[in-house]
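>>> sequence first, predicted coordinates after that:
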Amino acid sequence: MDEKELIRRSQAGDGEAFGVLAERYKGKVFSLAYGFTRDRAAADDLAQEVFIKAYLSLSRFQARSEFGTWLYRVAVNHIKDYLRKNKHRLKEIPLQEAGDRALASADLGPEEERLREGQRKIVQAALARLPEKYRVILTLRDIDGLSYEDISRILKLSPGTVDSRLHRARRKLREKLTGRLGRQGGEHGL
Amino acid sequence: MDCKKAERFLLRSLDGKLDPEKKTLLQTHLEKCPSCQRKDRDCRMILSLVRPQTVPEPLPYFKERLLAKLEEKRKTAPALLWVKWAHRAVALSLAAFLLFGAGILFFRPQEPQELSQTEKFLLQGENPLGEAASILDQKKAEDRNMMLIFASVGDRDVSRRYRP
């Protein structure tokens, strides 16, 4: 069924039509939530909450933007609220500890794979420590791979601001990681 | 090209958004600058590490669970709506009460002030001291005081009554 028709029916209160829309977009919303939480159950809960929020505010969707863009905006705002509310509960793992834990828990495999997993955890921990606005833009661009134009529409920022904020976010992440990946980094150490 | 500009080009090149001319400039700088070479290597490595290796699927029965929650929301929605409106009604009543109170306090109609005897005389163009002259002419202080007391007894404003 046509997306516009599904939206129209959903706005009229047809839960089944909204279910079809949710089925189409669940992957994208879940992937976005997973990019922030790195926890399957938490990302699933967040994705469900995003769809409920979207359903309840669907009457305000006026098709001035794509449904996907609007849904992403709802999702980003909801995830930002979640991160703010759980700031103290979501314990930040020190960068080095994150790498050590990953090395200890990784299945015994090729050495390079274990090192890579350790580095990945360190990068995740550094990303989680960035200010929210940098974390959001890096997740949208570097993890979800959205275009500058889409990010600009979702965050309601000018393309120039997206460009400069992304630039600063990448620089900050690199600064946080300077010298951190060395122990796990082997020949690629920073 | 300085290192600051090179870094800007470098970060932009990660998105493949660098035009060929700038790309050549960056390449030339990188060949000469070991510090920027390291930055370039770091950035590319971080970019490859920042993405999760695999993104799992949402938990099973995503749609079914969502529809069940929506149904639940729909059932509780009228009650929630009622509670929401009740809260608004309480707040509105309180605001109206406060406004009414403030209105009474600040916009109380002022009673017309009664003119004093002196003012009445002055308005009529008469000498206000004319009546008092006979009192003030009394030689004995006791008589004068008594007469002043009796003269002011009729005044409604107690503060204006004569006290020797």
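Structure received. Numbers count the residues shown, from 1 in each chain, chains lettered A, B, ... in the order given.
>>> residue numbers of chain B in contact with chain A?
Applying C-beta under 8 Å from any C-beta of the partner chain, we find that chain B lies next to chain A at B:7-8, B:11-12, B:14-15, B:17, B:39, B:41-43, B:45-47, B:49-53, B:55-59, B:62-63, B:65-67, B:69-71, B:73-74. C-beta: built from backbone N, CA, C; applies to glycine.
>>> one more time with 6 Å, if that's ok
Residues of chain B that fall close to chain A, judged by C-beta under 6 Å from any C-beta of the partner chain: B:11, B:42, B:45, B:49-51, B:55-56, B:58-59, B:62-63, B:66-67, B:69-70.
>>> those in strands, which ones?
Counting by DSSP state E, these place none of their members in strands.
>>> and these, which of them are buried?
B:Leu11, B:Asp42, B:Met45, B:Leu49, B:Val50, B:Val55, B:Pro58, B:Phe62, B:Lys63, B:Leu66, B:Leu67, B:Leu70 (16 or more other C-beta atoms under 10 Å in any protein chain shown).
>>> can you redo the residues you listed as JSON lines with distance to A:His167 and pLDDT?
Shown next, in JSON lines, are these (distance: C-beta to C-beta, whole Å; pLDDT from 0 to 100):
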{"residue": "B:Leu11", "distance to A:His167": "5", "pLDDT": "87"}
{"residue": "B:Asp42", "distance to A:His167": "15", "pLDDT": "89"}
{"residue": "B:Met45", "distance to A:His167": "18", "pLDDT": "90"}
{"residue": "B:Leu49", "distance to A:His167": "19", "pLDDT": "90"}
{"residue": "B:Val50", "distance to A:His167": "15", "pLDDT": "89"}
{"residue": "B:Val55", "distance to A:His167": "26", "pLDDT": "84"}
{"residue": "B:Pro58", "distance to A:His167": "33", "pLDDT": "95"}
{"residue": "B:Phe62", "distance to A:His167": "36", "pLDDT": "95"}
{"residue": "B:Lys63", "distance to A:His167": "39", "pLDDT": "94"}
{"residue": "B:Leu66", "distance to A:His167": "38", "pLDDT": "95"}
{"residue": "B:Leu67", "distance to A:His167": "43", "pLDDT": "94"}
{"residue": "B:Leu70", "distance to A:His167": "41", "pLDDT": "90"}
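>>> so where is chain A shaky, pLDDT-wise?
A:88-109, A:181-190 (pLDDT under 70).
>>> could I get the full set of strands for it?
Using DSSP E, strands in chain A do not occur.
>>> what residues sit buried inside the lengthiest helix in chain A?
Longest helix in chain A by number of residues (criterion: DSSP state H): helix A:15-37. Residues A:15, A:17-22, A:25-26, A:28-37 are the ones in helix A:15-37 that count as buried (16+ other C-beta under 10 Å).
>>> out of the residues you listed, which touch chain B?
A:Gly15, A:Gly19, A:Ala22, A:Lys26, A:Phe30, A:Ser31, A:Tyr34.
>>> residues contacting the last one?
When you say that, I think you mean A:Tyr34. With contact set as C-beta atoms under 6 Å, 6 or more residues apart in numbering or on different chains, A:Tyr34 has these partners: A:Ala43, B:Val55.
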